[in-house]
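S.K.: what follows is a predicted protein model with its sequence.
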Amino acid sequence: MEKTWRWFGKKDKITLSMLRQIGVEGIVTALHDIPNGEVWTLDAILDLKNYIEEAELRWSVVESLPVSEAIKYGSSGRDKLIDNYIISLENLGKAGIKTVCYNFMPVIDWIRTDLYHKLPDGTSTLFFDKIKFAYFDICILKRDNAKEDYSEEELNQVNALDQTITQKEKDELIDTIIVKTQGFINGNIKEGDQHPVAIFKKLLDLYKGIDKEILRENLCYFLNRIMPVCEEYGINMCIHPDDPPRAVLGLPRIVTDAEDIQWILDAVDNPHNGLTFCAGSLSSGIQNDVPTMARKFANRIHFVHLRSTDVCKNGDFIEASHLEGRGHLIELVRIFEKENPELPMRVDHGRLMLGDEDKGYNPGYSFHGRMFALAQVEGMMAAVKGLSKV
Ligand code: DNO
């Protein structure tokens, strides 16, 4: 597989020369300064591409060309936004960048409740605490009928948390769930936005009446419109699974398991309609057997995220070591090296370690933690390739 790295552009504290030194071959990035919905011009794309190439690297994957909410909930304004999306794809195609990752998660992208969960060895990692999330839903958002989505035992735990949680902890929870994890990926809410909860509730309202069927239809509408430009330029679109892979906050989610993925691939049966195989997101769904899914969808997978999770009985989950957990990365490396050795792969969500803590990196995107994970994955790749030669 091609060893790639998610890099956040010229302002990223992790420089391209650092990445050259640790054996990275390809860059995964986006035009992060362009607001969601606006066109990526050919000039802006080429400027970043040249910058990457001057460092003797290549721009392998776009992550992400974001899909605007109006396309997801399907308002009358969507056609203009899809027109813009098509122009951006055309410009990427002209620049020779042909793998584009995106997601179709309404309102909120990936979800965590704790960005600094301490591990016994002194490093820290990301964590999803189901009760804290339910607390956010019921007591902070005060979403209508939210309680119906939780068991009696969970509601009792939410009440208990309500007795002890401080204002500072509440503010941190809001910041973690809807600001810090979202802003840096061209999400809906940015650091510094006033009243993030109010903005968030307005966004949720846009999805009243949008169920799984409608969201699926809207995805098909979008895909059918962009497939011609993808065919013309040979662009592979790869949808990112939902993280976590389940419905949240009353919102439908449509990329959660093998059935969902099969549905999407069949609904628009075109090789350019493919998948980002995010082992981390998929492994956090207890319904998913990750290596089986990798084998099943291998010929439509255009990009791979390697990380792993452990899921607790109560629905909490934690990022596992890249060597362990439900992602079974060693088996995935075996599968992908056999099926498609050219496939771009990036490690995902490193721990905070060895001085990463005070650098202000985007959550999950530490330097040492990801470098450590990349070394582990490189070891897997070398072992798998070496074994196949014996
Ligand atoms: C989080 C990421 C996601 C991913 C997008 C792709 O760490 O995996 O934000 O980039 O969902 O569109």
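M.R.: Yep, it's here.
S.K.: mind jotting down where the helices sit in the chain?
M.R.: Here the chain has its helices, by DSSP state H, at 16-21, 42-54, 69-73, 78-94, 130-135, 152-164, 167-174, 196-205, 212-233, 258-267, 279-283, 290-297, 329-339, 368-389.
S.K.: the ligand contacts on the stretch 101-250 of the chain?
M.R.: 101-103, 109-110, 185, 240 (C-beta under 6 Å from any ligand atom). Yep, even glycine has a C-beta here, placed from its N, CA and C like the rest.
S.K.: those in strands, which ones?
M.R.: Residues of these located in strands (DSSP state E): 101-102.
S.K.: just to revisit the earlier point, ok, which of the helices of the chain comes nearest Pro244?
M.R.: helix 279-283 (7.0 Å; C-beta to C-beta).
S.K.: for the closest one, buried residues please.
M.R.: Buried positions in helix 279-283, judged by neighbour count with 16 or more other C-beta atoms under 10 Å: 279-283.
S.K.: stretch 49-63: which residues count as buried?
M.R.: Here stretch 49-63 shows 49, 52, 57-63 as buried, counting by 16+ other C-beta under 10 Å.
S.K.: wait, I meant stretch 208-225
M.R.: Buried residues in stretch 208-225, counting neighbours by 16+ other C-beta under 10 Å, are found at 210, 214-216, 218-219, 221-223, 225.
S.K.: max pairwise distance over those: which two?
M.R.: Farthest pair in the buried residues of stretch 208-225, by C-beta to C-beta: Ile210 and Arg225, 18.8 Å.
S.K.: wait, what's in contact with the residue in the stretch 151-300 of the chain positioned nearest to the ligand?
M.R.: Nearest residue of the stretch 151-300 of the chain to the ligand, counting by C-beta to the nearest ligand atom: His240, 3.8 Å away. Neighbouring residues of His240 by C-beta atoms under 8 Å, 6 or more residues apart in numbering: 64, 101-103, 255, 276, 278, 281, 305.
S.K.: name the member of these with the most neighbours.
M.R.: Cys278 (28 neighbours; other C-beta atoms under 10 Å).
S.K.: wait, that one touches Asp242, no?
M.R.: No - assessed by C-beta atoms under 8 Å, Cys278 is found out of contact with Asp242, at 9.4 Å.
S.K.: ok, Ser60 to Gly369 distance?
M.R.: 21 Å (C-beta to C-beta, to the nearest Å).
S.K.: distance between the ends of stretch 235-248?
M.R.: 31 Å (C-alpha to C-alpha, to the nearest Å).
S.K.: does the ligand sit close to stretch 12-31?
M.R.: No - Stretch 12-31 lies apart from the ligand when judged by C-beta under 6 Å from any ligand atom; the minimum separation is 8.9 Å.
S.K.: ok, now stretch 261-275?
M.R.: No - Stretch 261-275 does not reach the ligand (C-beta under 6 Å from any ligand atom); its nearest approach is 11.8 Å.
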